[in-house]
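K.L.:
with the input below, show me the fold.
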Amino acid sequence: LIRHKEFLAQYDALVVPEKTTLLLRKLLGPRTPKLIYTRHGSGDRAIGITPATGEFDFVMLAGAKLRDRFTSLGYLRDDQYALVGYPKFDTIKGLHEAPPKFFDNDRPTILYNPHFEPKLGSYHSMALDVLEHFADSRDYNLIVAPHIMLFRKRVHISLENFRVRIRKDIPERFFHMPHIKIDVGGPALLDMTYALAADIYLGDVSSQVYEFMIRPRPAVFLNSHNATWHNNPNYLFWTLGPVVSDVKDLDAALADARADRGGWRAVQQKLVDDTFNITDTPSSIRAADAIASFMDRDHDRLPGQARQ
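P.N.:
I've put the predicted structure just below:
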């Protein structure tokens, strides 16, 4: 941003998925282009629900869930955002097709999707136990598909939780088991290939669970950090299935989730509807229209003035 600030200053608006770009306000002052925030993902973690979102000139929100949370906290005004759905879904070719098949058996397939966050994610303290648990399983297949950033770095530092963890490697033997597939950096981590292929979700704090739930299915969550999560809006997604703190309890939790003993299926559908405001008009078109309308409305204002 520092290196390219003059290049970026020539634009009328920048559309960005992260909050780092707000640094341009300090670098460019009144020459800052309009800053339009798309967010990324549609999760519930505290790090995504901050007053900094209100520093953008315009914000795109996927659905009522985030709208209600931001406005109730006073972080966004009514004229500062638009509900546009989830443009990523427009790009997923297999969303309405038969899911891909990765294993030569009829066992249910579990997607294990650990986050890289040093404190909140389960990889650092539980991933090897999860692999050991399923290594001899005759009941399930397992796809290990972590957040794309987990294997991009060896050392993970959390400014949110002031925690540092060194990522462990996955032992080679797990890569050669016929009922386990491990992908630590491929494009399928990003395009919902595994989310569509799996029958059950196993995760921790990744917002990808909501992408998985576009087709409601069983889910189990790993509480690796002893979170007090009940009635906590930052862990709303943990109401989608059973939560366990010990890998030894996985089999029972998986059985409960598959039998829907907690009535999770109804919760899943409602929360998906609240999370994604999907209409007959593609979300990408709605987002483009919202940007155009905002720019037409604010064309006579100086950059940065819309947020005041």
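K.L.:
from now on I want contacts and neighbour counts done on CA atoms only, so please keep to that.
P.N.:
Will do.
K.L.:
give me the buried positions along stretch 168-188.
P.N.:
For stretch 168-188, burial by neighbour count (16 or more other CA atoms under 10 Å) applies to 174, 179-185.
K.L.:
from those, which two are the most distant?
P.N.:
The most widely separated members of the buried residues of stretch 168-188, counting by CA to CA, are His179 and Gly185 (19.4 Å).
K.L.:
still on that earlier bit, can I get the buried residues of stretch 168-188 in a markdown table with secondary structure, distance to Ile110 and pLDDT?
P.N.:
Output for those, formatted as a markdown table (DSSP: H, G, I helix; E, B strand; the rest coil; distance: CA to CA, whole Å; pLDDT from 0 to 100):
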| residue | secondary structure | distance to Ile110 | pLDDT |
| --- | --- | --- | --- |
| Phe174 | helix | 15 | 97 |
| His179 | coil | 10 | 97 |
| Ile180 | strand | 10 | 98 |
| Lys181 | strand | 10 | 98 |
| Ile182 | strand | 12 | 98 |
| Asp183 | coil | 14 | 97 |
| Val184 | coil | 16 | 96 |
| Gly185 | coil | 18 | 94 |
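K.L.:
as a markdown table, those residues with distance to Glu132 would be great.
P.N.:
As requested, those are arranged in a markdown table below (distance: CA to CA, whole Å):
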| residue | distance to Glu132 |
| --- | --- |
| Phe174 | 9 |
| His179 | 13 |
| Ile180 | 11 |
| Lys181 | 14 |
| Ile182 | 14 |
| Asp183 | 17 |
| Val184 | 18 |
| Gly185 | 21 |
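K.L.:
list the helices and strands the helix or strand where Phe221 lies packs on?
P.N.:
With elements taken from DSSP states H and E, the one containing Phe221 is strand 219-222. Counting contacts by 3 or more CA pairs under 8 Å, 6 or more residues apart in numbering; DSSP states H and E, strand 219-222 is packed against strand 200-203, strand 243-244, helix 250-259.
K.L.:
now, of these, which is deepest in the fold?
P.N.:
With neighbours defined as mean count of other CA atoms under 10 Å, the helices and strands packed on strand 219-222 peak in mean count at strand 200-203, which reaches a mean of 24.
K.L.:
partners of that one in the sheet?
P.N.:
Paired neighbours of strand 200-203 in the sheet (DSSP bridges): strand 109-113 (parallel), strand 219-222 (parallel).
K.L.:
tell me which of the ones you listed sits most buried.
P.N.:
Mean neighbour count, computed with mean count of other CA under 10 Å, is highest for strand 219-222 among the strands paired with strand 200-203, reaching a mean of 27.
K.L.:
go ahead and name everything in contact with it.
P.N.:
Strand 219-222 is contacted by residues 122, 200-204, 238, 240-246, 253-254, 257 when judged by CA atoms under 8 Å, 6 or more residues apart in numbering.
K.L.:
please repeat the previous calculation with a cut-off of 7 Å.
P.N.:
For strand 219-222, contacts defined as CA atoms under 7 Å, 6 or more residues apart in numbering pick out 122, 200-204, 238, 240-245, 253-254, 257.
K.L.:
do stretch 103-111 as well
P.N.:
Defining contact as CA under 7 Å, 6+ apart, one finds that stretch 103-111 is touched by 139-145, 179, 194, 198-202.
K.L.:
kindly report the same for stretch 138-157.
P.N.:
107-116, 118, 163-167, 179-185, 189.
K.L.:
just the helices in the stretch 1-150 of the chain please.
P.N.:
For the stretch 1-150 of the chain, helices defined by DSSP state H, counting those that start in this stretch occupy the ranges 5-9, 23-28, 64-72, 88-91, 123-135.
K.L.:
with distance to Thr53, mean neighbour count and mean pLDDT added, can I get these in a markdown table?
P.N.:
Shown next, in a markdown table, are the helices of the stretch 1-150 of the chain (distance: least, CA to CA, whole Å; neighbours: other CA atoms under 10 Å; pLDDT from 0 to 100):
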| stretch | distance to Thr53 | mean neighbour count | mean pLDDT |
| --- | --- | --- | --- |
| helix 5-9 | 20 | 15 | 97 |
| helix 23-28 | 13 | 15 | 97 |
| helix 64-72 | 9 | 17 | 97 |
| helix 88-91 | 20 | 14 | 94 |
| helix 123-135 | 29 | 18 | 97 |
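K.L.:
quick check: chain neighbours aside, which residue is closest to the residue positioned nearest the centre of the chain?
P.N.:
Residue closest to the mean C-alpha point of the chain, counted by CA atoms, centre = their mean, is Ser207 at 2.5 Å. For Ser207, ignoring the flanking residues on the chain, the nearest one in space by CA to CA, 6 or more residues apart in numbering is Gly43 at 4.3 Å.
K.L.:
the one you found: neighbour count?
P.N.:
Neighbourhood size, Gly43 [other CA atoms under 10 Å]: 23.
K.L.:
so it sits against Val209, correct?
P.N.:
No. Checked against CA atoms under 7 Å, the pair Gly43 and Val209 is beyond contact range at 8.4 Å.
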